[in-house]
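>>> just coords:
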């Protein structure tokens, strides 16, 4: 049962640039920015002033109040996006009759940190009796995947990872492997994050990882010479992955095919990438080898593009190493310039965008790009998207701890 073909049949999203499959694509293709001044908490003592907030999400639009209270915001995002993806896939399910051939993977860097912070404040002010009895059930990252599994009765493989900013891509990659190796026929692959709370946000500001530019139109500018850090965001995206035959038997619409995945660790530093980019390059190359794709046949790269001075430079170097001269020809974009960096959710948001490129034949831009950096000298699709038909796409995610993860998606060919 090894090496079964795996396709994407459903897409759902809750992001700063749009909700649902259509909202996410319209936001990315049009170059709309979801970066705004922070309103979710008091940031007056910080030099970081903007974030990718989601202001139009009401959990009661998706769940009843009792159910919503039992989930942290990150899990609410995940479950709402999963509902969208399942509807898009046209999947039928019965939660009372668990399906052992369907499972869930989820990536989240911080899990229920927002709920933990809120309940800790109650604990300090009012004591233990003021703390929500559900706290223990909402803070761990696996609460997101477990709630999805319970909602649909998916009792097959279950995996929640917390591999920093690579978490979402790893969730998709592991779901791909579960199906490819015969452990499941259907997988929900999710990434979700809700880190816009005072203590957690401040922790990233303290280590100077985030942009201090107060102008929302300049703060997140991947590969630009004046970039000065990433812009934190919140949100979720979910892909429904299926074994090809399973999708064909129910006449499902197929968005694209997942054909390659690789994951590694720089084994170098908790924050800084390996200076030569060698491990990131090797991860890209291994994903392409496993996909059976020649680097020169890749038509688009969705870069990790965190907008930090060091990481963008090293990612550019890694792309040059992995692709050789083709690196100067392949279009590359950093869509975080629009939706911000939602940490563990970023990889699934970007994979969702990539999955829709095959149908729309359009490459989203890197916005806010004004001043070229001599050390970042590739084609970053600056400011406006371009029409293009591509057969293979690479999506990169690199995170704290030196964790590298790469997906290869292909145009579905019967």
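In hand now; what should we look at? Keep in mind the model is a prediction, meaning the values are calculated, not measured.
>>> Quick one: the strands in the stretch 1-150 of the chain, in order.
Along the stretch 1-150 of the chain, counting by DSSP state E, counting those that start in this stretch, strands occupy 6-15, 18-19, 36-37, 50-51, 102-107.
>>> Turn those strands into TSV, columns for mean pLDDT, mean neighbour count and distance to residue 146.
(C-beta placed from N, C-alpha, C; glycine too.) TSV is the format used below for the strands of the stretch 1-150 of the chain (pLDDT from 0 to 100; neighbours: other Cβ atoms under 10 Å; distance: least, Cβ to Cβ, whole Å):
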stretch	mean pLDDT	mean neighbour count	distance to residue 146
strand 6-15	98	28	18
strand 18-19	98	21	23
strand 36-37	97	14	32
strand 50-51	98	27	28
strand 102-107	98	32	8
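>>> Identify whichever of those lies nearest to residue 305.
Nearest to residue 305 among the strands of the stretch 1-150 of the chain is strand 6-15 (15.8 Å), distances taken as Cβ to Cβ.
>>> Give me the distance between that closest one and the centre of its chain.
Computed by Cα atoms, centre = their mean, to the nearest Å, the chain-centroid distance of strand 6-15 equals 11 Å.
>>> what lines up beside it in the sheet?
Applying DSSP bridges, strand 6-15 is found paired with strand 18-19 (antiparallel), strand 235-243 (antiparallel), strand 256-265 (antiparallel).
>>> want to try JSON lines for these, with distance to residue 144 as columns?
Formatted as JSON lines, these follow (distance: least, Cβ to Cβ, whole Å):
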{"stretch": "strand 18-19", "distance to residue 144": "18"}
{"stretch": "strand 235-243", "distance to residue 144": "8"}
{"stretch": "strand 256-265", "distance to residue 144": "20"}
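>>> Verify the contact between residue 271 and residue 207 for me.
Yes. At 7.2 Å, residue 271 and residue 207 qualify as touching, with contact defined as Cβ atoms under 8 Å.
>>> higher neighbour count, those two?
residue 271 (13 against 10; other Cβ atoms under 10 Å).
>>> Tell me the pLDDT of residue 272.
We have a pLDDT of 95 for residue 272.
>>> quick one: which helix or strand includes it?
Under the criterion DSSP states H and E, no helix or strand holds residue 272.
>>> quick one, phi psi at it?
Main-chain dihedrals, residue 272, degrees, to the nearest 10: phi -80, psi 140.
>>> Now do the helices in the stretch 51-200 of the chain.
For the stretch 51-200 of the chain, the helices defined by DSSP state H, counting those that start in this stretch cover 65-69, 73-89, 113-126, 135-138, 142-152, 167-180, 198-206.
>>> what's in contact with the third one?
Right, helix 113-126. Here helix 113-126 makes contact (Cβ atoms under 8 Å, 6 or more residues apart in numbering) with 72-74, 130-132, 135, 138-139, 194-200.
>>> among those residues, who's most crowded?
Sorting the contacts of helix 113-126 by how many neighbours each has (other Cβ under 10 Å) puts residue 74 first, at 33 neighbours.
>>> for this protein, which spans come out with low pLDDT?
Filtered on pLDDT under 70, the chain yields the residue ranges 1-2.
>>> Tell me how it divides into domains.
The chain breaks down into these domains under automatic domain parsing: 6-249, 260-410.
>>> Including distance to residue 354, could the helices of the stretch 51-200 of the chain go into a markdown table?
Formatted as a markdown table, the helices of the stretch 51-200 of the chain follow (distance: least, Cβ to Cβ, whole Å):
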| stretch | distance to residue 354 |
| --- | --- |
| helix 65-69 | 31 |
| helix 73-89 | 15 |
| helix 113-126 | 28 |
| helix 135-138 | 31 |
| helix 142-152 | 22 |
| helix 167-180 | 10 |
| helix 198-206 | 26 |
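>>> Out of those, the one nearest residue 380 is which?
Going by Cβ to Cβ, the one of the helices of the stretch 51-200 of the chain nearest residue 380 is helix 167-180, 19.9 Å.
>>> tell me which residues of that closest one are tucked away?
167-180 (16 or more other Cβ atoms under 10 Å).
>>> could these go into TSV alongside distance to residue 321?
Shown next, in TSV, are the buried residues of helix 167-180 (distance: Cβ to Cβ, whole Å):
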residue	distance to residue 321
167	25
168	24
169	19
170	22
171	26
172	24
173	21
174	26
175	28
176	24
177	25
178	30
179	30
180	27
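>>> which among those gets closest to residue 59?
For these, the closest approach to residue 59 (Cβ to Cβ) belongs to residue 168, at 20.8 Å.
>>> Does that closest one touch residue 352 like I think?
No. If you go by Cβ under 8 Å, residue 168 and residue 352 don't touch, sitting 9.6 Å apart.
>>> Common neighbours of those two, please.
Residues touching both residue 168 and residue 352 by Cβ under 8 Å, 6+ apart: residue 237.
>>> so what's the closest residue to residue 77 other than its chain neighbours up against?
Nearest residue to residue 77 in three dimensions, chain neighbours excluded: residue 236, at 3.6 Å (Cβ to Cβ, 6 or more residues apart in numbering). Applying Cβ under 8 Å, 6+ apart, we find residue 236 in contact with 13-15, 74, 77-78, 80-81, 190-193, 342, 345, 348-349.
>>> which residues in the stretch 301-414 of the chain form helices?
In order along the chain, the stretch 301-414 of the chain carries the following helices (DSSP H, counting those that start in this stretch): 309-323, 336-339, 346-360.
>>> Need the contact partners of the second one.
To tie it back to what came earlier, the one meant is helix 336-339. Residues outside helix 336-339 that contact it (Cβ under 8 Å, 6+ apart): 15-17, 27-28, 31-35, 52, 220-222, 230-231, 233, 235, 304-307, 346, 349-350, 364-369.
>>> Write a ChimeraX command that selects only the buried members of these.
In ChimeraX, a selection of the buried entries from the contacts of helix 336-339 looks like this (16+ other Cβ under 10 Å):
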select :15,16,17,27,28,31,33,34,35,52,220,221,222,230,231,233,235,304,305,306,307,346,349,350,364,365,366,367,368,369
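>>> returning to that earlier point: who wins for proximity to residue 159 among the helices of the stretch 51-200 of the chain?
Judged by Cβ to Cβ, the one of the helices of the stretch 51-200 of the chain that comes nearest to residue 159 is helix 167-180, at 5.6 Å.
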